[in-house]
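Trainee: Have a look at this prediction, sequence included:
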Amino acid sequence: MLGHDVLPTLITRLMTATHFEGAATAALEAMLDCVHAALAESPFATSARLLRAMVHLRPSDGYQRLFGVEHRTGAQVEGTGYLTSANVWRWVSEHRCSVSIDVQRGVLHAWVPEGRVERREPIDAAGVPGHETRERMLGRDATHVHVVPLRTPGEGVSGMIAIEASCKAAAGQEFVWGDCEEQLELIATAAVAYLGALPPRPSCAARTDALLPVVGRATAGLIELLRVFAQQEETVLISGPTGSGKSRLARWCHEQSRREGKRFETLDLLSVPEELQMAELFGWKRGAFTGAMRDAAGAIARAAQGTLFIDEIDKLSLKAQAGLLRVLEERRYRPLGDEGSDKHADVRFIVGTNADLRAQVRAGKLREDLYYRINVLPVRLPPLSERLDELPLWAEYMLGRRHEEAGGGGAVRIAREAVDLLMSTPWPGNLRQLDNMVRRAYAIALSDRGGAGSELLLARRHVERALAYDGAPEPGTLFEQLLRTARAFVQEAEQREGSASPLSLDLIDAQRGLVLAVAVQRRGRDAAFALLGQEQLLRNRNHHRALKRELDRVRELLHVIGGEVDPALASLLDSADATAEGR
């Protein structure tokens, strides 16, 4: 049982804490004292050492805080105090129960309501060379680890607290966790509300660099967390809305890692058709499929010894998910059509998504085992609307970059009134949309001045005109409306410029399919072809295939750019497929 003064003292410390670190220190020290007392009365009193405890605050959308203390010194734990086993977090979050690990045996024990249950599951997935998590724990002398869930009201788990001890003599034996499990859970229950609600301690601004030139208050803690995550080899999952900067952050993590200077490869699944995903990931041998005229290396091989950033992971097919899971668990893969032995995947994975992956799992679109394998070090990058303190700095950076690209001489700056307008504007496209708007306003400012000069001022009127291009199109002639369509297409191409999924000019052919779709909706299929001068197709009875071909182009465009689909158009797309299959 807890000492008579332990719980009141803990509650007092929690209630008077003004920041997360203060509350975490109070909870961790109480837990360490509890385990220390149990050790003193155990057979391992002289052979065991209590090492450290650490809070992992990680709600469903990613890590928010990570804080630990050493038992003997009370010093804050630096980057070595991490527990990143996928199986451990899965048990803690799914079953809302505590978990113990006998690290030397590599066995996990779950403390379910019925009592202690041994789960003969390795703390790393089977087959990982060297059992990375296990070896890292042993490398910091942790032979026994106990993990307590941070349960929140409403049956959720917002994180966990891990306690590490060293006792080689207790390998394969009952350690002291059973003697203090109830007390540890009581401490966690008392502390969870404070840990989730208190802000972090004010700190110096995060360091910036060429890849991450702007870091605001809202993201400073996230960046410092990622700075340590980057040193690990486990998968980092970066979630956040489209255009918020996930690919930039992934490259930054690579440059902060031990693989700095090695290859950084991006695979944007939004631009890869589902039937080619396996080939793009693993590569292929000549003759593996129709069109495979030569051997080709996949993204994993191209990123050898470096980092592979897989963006839009929610677009990965179930078949490709199985292949990726094997790579993550066994670090082995085989190119398509290769009859030889497996190849070793010496690559660090970073994964990006703008989707709710838990919802994807529930919908059967994402394998649950893959979800837990990539959800080891999750972080959420907020939209620009949640970090508006960064917006003026990003606008200045983007303006300076565009001025340098254009070879402009002299100073370039943005007026205060223009910044105020930017701050009052919604940015659903986030940083990508802001960059596109700054480029447009820069071009307008140059045009107003009549070309290059010694100094350039981006005024409010330039920003107003640039933003006006995003407004609803005004009525006009058919040519004017087609011209606006062309401008919108080029604008989207500009937003994707330099990304892994540029907009191909070939996709403009989808406009033919859209015109035909509108005509079919208004006049019916046969009459639509006659209306648009396609009588020859009607006479040859080829209009069914032609309709499907044109609508396939629409489908291809939608696959690349996304967006909501008009219900009538969606119904037409489906019916065209069904008609073609029935012929």
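Mentor: Looks like it arrived, so ask away. Residues are numbered from 1 along each chain as shown.
Trainee: Moving C-terminal from the worst-scoring helix or strand of the chain on mean pLDDT, which element do we reach first?
Mentor: In the chain, no helix or strand scores lower on mean pLDDT, DSSP states H and E than strand 115-119, which sits at a mean of 56. Downstream of strand 115-119, the first helix or strand assigned by DSSP states H and E is helix 132-139.
Trainee: Could you report the neighbour count for the nearest residue to Glu455 once chain neighbours are set aside?
Mentor: Once flanking residues are discounted, Glu455 sits nearest to Gly410: 4.6 Å by Cβ to Cβ, 6 or more residues apart in numbering. The C-beta positions use only the backbone N, C-alpha and C, and glycine is treated the same way. Residues contacting Gly410 under the criterion other Cβ atoms under 10 Å number 10.
Trainee: Does Gly410 touch Glu404 like I think?
Mentor: No - contact criterion Cβ atoms under 8 Å: Gly410 and Glu404 do not qualify, at 11.7 Å.
Trainee: Can you measure across stretch 278-297, start residue to end residue?
Mentor: In stretch 278-297, first residue to last residue: 12 Å (Cα to Cα, to the nearest Å).
Trainee: average model confidence for that stretch?
Mentor: The average pLDDT within stretch 278-297 is 83.
Trainee: which residues in the stretch 251-400 of the chain form strands?
Mentor: 264-268, 307-311, 332-333, 343-344, 348-353, 377-380 (DSSP state E, counting those that start in this stretch).
Trainee: With distance to Phe67 as added columns, please give the ones you listed in a markdown table.
Mentor: Conversion of the strands of the stretch 251-400 of the chain to a markdown table gives the following (distance: least, Cβ to Cβ, whole Å):
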| stretch | distance to Phe67 |
| --- | --- |
| strand 264-268 | 30 |
| strand 307-311 | 27 |
| strand 332-333 | 36 |
| strand 343-344 | 36 |
| strand 348-353 | 24 |
| strand 377-380 | 16 |
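Trainee: The nearest residue to Gln256 once chain neighbours are set aside and Leu531: what is the separation?
Mentor: Excluding the flanking residues, the one nearest Gln256 by Cβ to Cβ, 6+ apart is Ala230, at 3.8 Å. Applying Cβ to Cβ, to the nearest Å, the value for Ala230 to Leu531 is 59 Å.
Trainee: and Ser341, how many residues sit next to it?
Mentor: 8.
Trainee: Report the angle between the lengthiest strand in the chain and helix 132-139.
Mentor: Across the chain, the longest stretch assigned as strand under DSSP state E is strand 156-166. Counting by axes from the mean of the first three to the mean of the last three Cα atoms, to 10 degrees, strand 156-166 lies at 40 degrees to helix 132-139.
Trainee: what residues does the next helix or strand after strand 156-166 touch?
Mentor: Using DSSP H and E, the helix or strand that follows strand 156-166 in sequence is helix 177-197. Residues from elsewhere that reach helix 177-197 (Cβ atoms under 8 Å, 6 or more residues apart in numbering): 1-2, 7, 10-11, 14-15, 17, 20, 23-24, 26-27, 30-31, 34-35, 37-38, 41-42, 55, 57, 59, 65, 98, 100, 111, 116, 144, 146, 148-152, 158-159, 161, 163.
Trainee: returning to that earlier point: so Ala230 and Leu531 - more neighbours on which side?
Mentor: When neighbours are counted by other Cβ under 10 Å, Ala230 comes out ahead of the other of Ala230 and Leu531, with 22 against 15.
Trainee: What score does the more buried one have for pLDDT?
Mentor: The predicted local confidence for Ala230 is 92.
Trainee: Could I get the contacting residues of it?
Mentor: With Cβ under 8 Å, 6+ apart, Ala230 has these contacts: Val236, Trp252, Cys253, His254, Gln256, Ser257.
Trainee: Against Arg348, how distant is it?
Mentor: Relative to Arg348, and taking Cβ to Cβ, Ala230 is found at 9 Å.
Trainee: Please enumerate the shared neighbours of those two.
Mentor: Common neighbours of Ala230 and Arg348 (Cβ under 8 Å, 6+ apart) are His254, Ser257.
Trainee: Residue ranges in the stretch 351-500 of the chain under the pLDDT threshold?
Mentor: 450-454, 471-476, 480, 484, 491, 495 (pLDDT under 70).
Trainee: Show me the helices in it, by range?
Mentor: 357-362, 368-374, 391-405, 416-423, 430-449, 460-468, 478-495 (DSSP state H, counting those that start in this stretch).
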